[in-house]
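Undergrad: Below are the sequence and a predicted model for it; my questions follow.
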Amino acid sequence: MQAPSVGGVMLPRGNGQSVRLSRGASLTDFAEKINANPASLVAVMMNLGEMVTATQSVSDDTLKLLADEMNYVLEIVSPEEEDRELLESFDIEFGEDEGGEEALVSRPPVVTVMGHVDHGKTRLLDAIRKTNVVAGEAGGITQHIGAYQVSSEVNGEDRRITFIDTPGHEAFTAMRARGAKSTDIAILVVAANDGVMPQTIEALNHAKAADVPIVVAVNKIDVEGADPTKVRGQLTEFGLVAEEYGGDTMFVDISAKQGLNIEALLEAVVLTADASLDLRANPEQDAQGIAIESHLDRGRGAVATVLVQRGTLRVGDTMVVGDAYGRVRAMLDDKGENVEEAGPSTPVLVLGLTNVPGAGDNFLVVDEDRTARQIAEKRAARERNANFARKGVRFSLENLDEALKAGLVQELNLIIKGDASGSVEALESSLLQLDVGEEVDIRVLHRGVGAVTESDIDLATGSDAIVIGFNVRAAGRAQQMAEREGVDVRYYSVIYQAIEEIEAALKGMLKPEYEEVELGTAEIREIFRSSKLGNIAGVLVRSGEVKRNTKARLLRDGKVIAENLNISGLRRFKDDVTEIREGFEGGINLGNFNDIKIDDVIATYEMREKPRG
């Protein structure tokens, strides 16, 4: 078969040969693989009706179109495979203990608590940890995850157990599944008065898929209608047979509220680990493991909770976590105390990273800072190319229904920013699982931790995406940029609300009657104490105007600290005024709310009725 000719230049034609490319590759990458001129591939794409530059990241479908035209078989390399090849190029083996049997020592089991919502997972963790993790949770849900270690005496020996504290509602399927993958044993919590529920089965399936042993905690044995025997019978149908029935699964009847049989549950975990698993690791090699949670801390910068799986992590080590890297400046244990090193199965908070890694990212220690930077940069470039390769059609949630009906859009592009990577991942997973028929696909182009930035708006503008801010707001000029470019930015503090709104929009049911209109923002320059009025913020109005008796929220580092505040009083010098315009200074009283700091931003808004089209 004759090779295709473009502008008199003969192009190589594949005879069904395979070409391996990473997601978001360019025509130049393709040309290098087949030893062709990138300009000639641009011409081929033009003949196919596609305008693509040589260095532009293109979608998988576009690459496949080109490969088919030139009789090549395109093979898109998965991110996991690409990452393994990347590490191999640096002569790094990930996921294996070095040395022989003599190098391995026993390590504590890593445990995840799973189960149906309201069956007492958080209260059980609370009973084990003896601290309250419910207070301050939006919507009463465990929004963020962490890890901690406890000790239990088993057969006269002090044994440690590591708990990964994962959120427990069905909306957090991905985080529970990720928890199971980094877990040795799963505790399945079932309420004795409710029995097996849909999410109980879901959690059970995740644990089975991860091939981890299960210990069943039958909770709420102290409430009316409790029937632990019924729970044992129900779980028998799903392959969990209690030891007293001749099976190999340990069931422990507990009351998290009363603190009953908690020690017996911990003992069951240790005994199950000893009987079913060979929990050993080499503490002498360079540390490897997984990032459980990460966020931006105002005073410390990017911090990540990591679980060491093998080796020992030490202060001063150079580590790579996903596309973040850095020298470990300090480590804190689950009690907030500084530690110098962390061995296998130990969770620690790490300071010193360049940026915030993703929850579930693998980490490894390397010898040189230069190696760490190169690995992180290649991972970041790969992610960036994959993001740029995705395209879409711009619209907002309100006009989504019309766009669907007109056939203008087949996919909803989203950019998700949040205050912690665990929440972002959970929200992404929940949205991707929405069942909205075949008319539209949901695609998450980018997710990250921190305020909504100008680069997020840039990406949304180029790919016509909707931006979702979870417990964060737009930073700097990003809000004005979003308004100028017509990018739809949505803010949420409860995950369910985001899921419901987007599902409603996809089903054509979203009919908002009111919309929030930003009036102005003011930066706190000084704080004045008044015995009569409390704290008064001395401010400079940065944008718009601030009016008395309007609603406000307080932002600190782009994150929402307080909602539903009221501008109770406004002063210019000694005069009470009704408004302060952009560029002017004045004093703001937020009523009974006094938790303000210099550099905080007061954002004022009002709810306006929207005309229905």
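TA: Right, received. Where do you want to start? Please read these numbers as outputs of a predicted model, since none were measured by experiment.

Undergrad: Which strand or helix spans H295?
TA: strand 288-297 (DSSP states H and E).

Undergrad: all strands for the stretch 201-350 of the chain, in order.
TA: 214-219, 251-253, 280-281, 288-297, 301-310, 313-314, 318-321, 324-327, 330-332, 338-339, 341-342, 347-353 (DSSP state E, counting those that start in this stretch).

Undergrad: ugh, wrong one, I meant the stretch 451-600 of the chain
TA: Taking DSSP E, counting those that start in this stretch to define them, one finds strands in the stretch 451-600 of the chain at 466-470, 489-492, 514-530, 534-547, 551-556, 559-566, 569-572, 575-576, 579-581, 585-589.

Undergrad: Check those strands for me and report the most buried one.
TA: Mean neighbour counts were taken over the strands of the stretch 451-600 of the chain using mean count of other CB atoms under 10 Å, and the top value, a mean of 25, falls to strand 466-470. Every C-beta, even on glycine, is put in place using the N, C-alpha and C of the backbone.

Undergrad: what's the angle between it and strand 559-566?
TA: Between the axes of strand 466-470 and strand 559-566, defined by axes from the mean of the first three to the mean of the last three CA atoms, to 10 degrees, the angle is 80 degrees.

Undergrad: Remind me what strand 466-470 packs against, helices and strands.
TA: strand 411-418, helix 421-432, helix 454-463, strand 489-492, helix 495-506 (3 or more CB pairs under 8 Å, 6 or more residues apart in numbering; DSSP states H and E).

Undergrad: What mean pLDDT does that strand get?
TA: For strand 466-470, mean pLDDT rounds to 92.

Undergrad: now that strand: how far from the chain's centre is it?
TA: 13 Å (CA atoms, centre = their mean, to the nearest Å).

Undergrad: could you dump it to CSV, C-alpha only?
TA: Taking Å, rounded to 0.1, in the frame of the first residue of the first chain, the C-alpha atoms of strand 466-470 are listed here in CSV:
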residue,chain,number,x,y,z
ILE,A,466,-18.1,25.0,35.3
VAL,A,467,-16.0,25.7,38.4
ILE,A,468,-17.0,24.2,41.8
GLY,A,469,-15.5,25.7,45.0
PHE,A,470,-16.0,23.5,48.0
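
Undergrad: Between helix 421-432 and it, find me the angle.
TA: Going by the same axes, to 10 degrees, strand 466-470 makes 140 degrees with helix 421-432.

Undergrad: And the contacts of strand 466-470?
TA: 396-397, 412-419, 423-424, 427, 451-452, 456-457, 460, 482, 487-493, 495, 498 (CB atoms under 8 Å, 6 or more residues apart in numbering).

Undergrad: What subset of the residues you listed is buried?
TA: 397, 412-419, 423-424, 427, 451-452, 456-457, 460, 482, 487-493, 495, 498 (16 or more other CB atoms under 10 Å).

Undergrad: any weak-confidence spans in the stretch 1-150 of the chain?
TA: For the stretch 1-150 of the chain, applying pLDDT under 70 flags the ranges 1-12, 14, 78-80, 130-145.

Undergrad: can you rerun that using 90?
TA: 1-29, 31-71, 73-103, 112-123, 125-150 (pLDDT under 90).

Undergrad: And the strands in it?
TA: 5-6, 9-10, 17-22, 72-77, 105-106, 110-115, 146-154.

Undergrad: out of everything not next to it in sequence, what's closest to L431?
TA: I442 (5.7 Å; CB to CB, 6 or more residues apart in numbering).

Undergrad: tally of neighbours for that neighbour?
TA: Counted by other CB atoms under 10 Å, the residues lying close to I442 total 17.

Undergrad: So for it, what's the pLDDT?
TA: The score at I442 is 80. That number is its pLDDT.

Undergrad: Check which helices and strands the strand or helix carrying it is in contact with.
TA: Using DSSP H and E, I442 sits within strand 441-449. Counting contacts by 3+ CB pairs under 8 Å, 6+ apart, strand 441-449 is packed against strand 288-297, strand 411-418, helix 421-432, helix 454-463.

Undergrad: That strand: partners in the sheet, and parallel or antiparallel?
TA: strand 411-418 (parallel) (DSSP bridges).

Undergrad: Could I get the contacting residues of A475?
TA: G450, A451, V452, T453, G558.

Undergrad: Please apply the same query to N362.
TA: So N362 contacts F94, Q288, G289, I290, A291, V321, G322 (CB under 8 Å, 6+ apart).

Undergrad: which of the residues you listed has the most neighbours?
TA: V321 (28 neighbours).

Undergrad: ok, it touching L307?
TA: No - under the criterion of CB atoms under 8 Å, V321 is not in contact with L307, lying 11.5 Å apart.

Undergrad: For the helix ranked longest in the chain, which outside residues touch it?
TA: Longest helix of the chain, by residue count under DSSP state H: helix 369-388. With contact meaning CB under 8 Å, 6+ apart, helix 369-388 is reached by 22-26, 56-57, 79, 82-83, 86-87, 90, 318-320, 322-327, 354, 366, 445-446, 459, 462.

Undergrad: Let's see that with 6 Å instead.
TA: Helix 369-388 has contacts (CB atoms under 6 Å, 6 or more residues apart in numbering) with R23, G24, S57, L86, F90, T318, V320, D323, Y325, V366, L445, H446.

Undergrad: do the same with stretch 214-226
TA: 120, 186-193, 207, 228, 231, 250-256, 258, 265, 268-269, 272.

Undergrad: First-to-last residue distance for it?
TA: 22 Å (CA to CA, to the nearest Å).

Undergrad: how far out from the middle of the chain is that stretch?
TA: On CA atoms, centre = their mean, the centre of stretch 214-226 falls 31 Å from that of its chain.

Undergrad: got it, and stretch 472-484?
TA: For stretch 472-484, the distance to the chain centre is 22 Å (CA atoms, centre = their mean).

Undergrad: Can you get me the start-to-end distance on that stretch?
TA: Separation of the first and last residues of stretch 472-484 by CA to CA is 20 Å.

Undergrad: Show me what counts as buried in that stretch.
TA: Those would be V472, R473, A474, A475, A478, Q479, M481, A482, for stretch 472-484 by 16+ other CB under 10 Å.

Undergrad: Report the two of the residues you listed separated the most.
TA: V472 and M481 (15.9 Å; CB to CB).

Undergrad: which residues sit in contact with V42?
TA: Contacts of V42 by CB under 6 Å, 6+ apart are A54.

Undergrad: and it, how far is that from G24?
TA: The gap separating V42 from G24 is 17 Å, by CB to CB, to the nearest Å.

Undergrad: picking that back up, among the strands of the stretch 201-350 of the chain, where is the model least confident on average?
TA: Across the strands of the stretch 201-350 of the chain, the lowest-scoring stretch is strand 288-297, with a mean of 85.

Undergrad: counting contacts, what elements does it pack onto?
TA: Under the contact definition 3 or more CB pairs under 6 Å, 6 or more residues apart in numbering; DSSP states H and E, strand 288-297 sits against strand 301-310, strand 362-366.

Undergrad: what ranges of the stretch 151-300 of the chain fall below the confidence cut-off?
TA: 151-158, 164-183, 194, 197-212, 238-239, 257-259, 276, 290-300.

Undergrad: try 50 this time
TA: Applying pLDDT under 50 to the stretch 151-300 of the chain picks out residues 167-180.

Undergrad: In it, mark out all the helices, start to finish.
TA: Along the stretch 151-300 of the chain, counting by DSSP state H, counting those that start in this stretch, helices occupy 173-181, 198-209, 228-236, 262-276.
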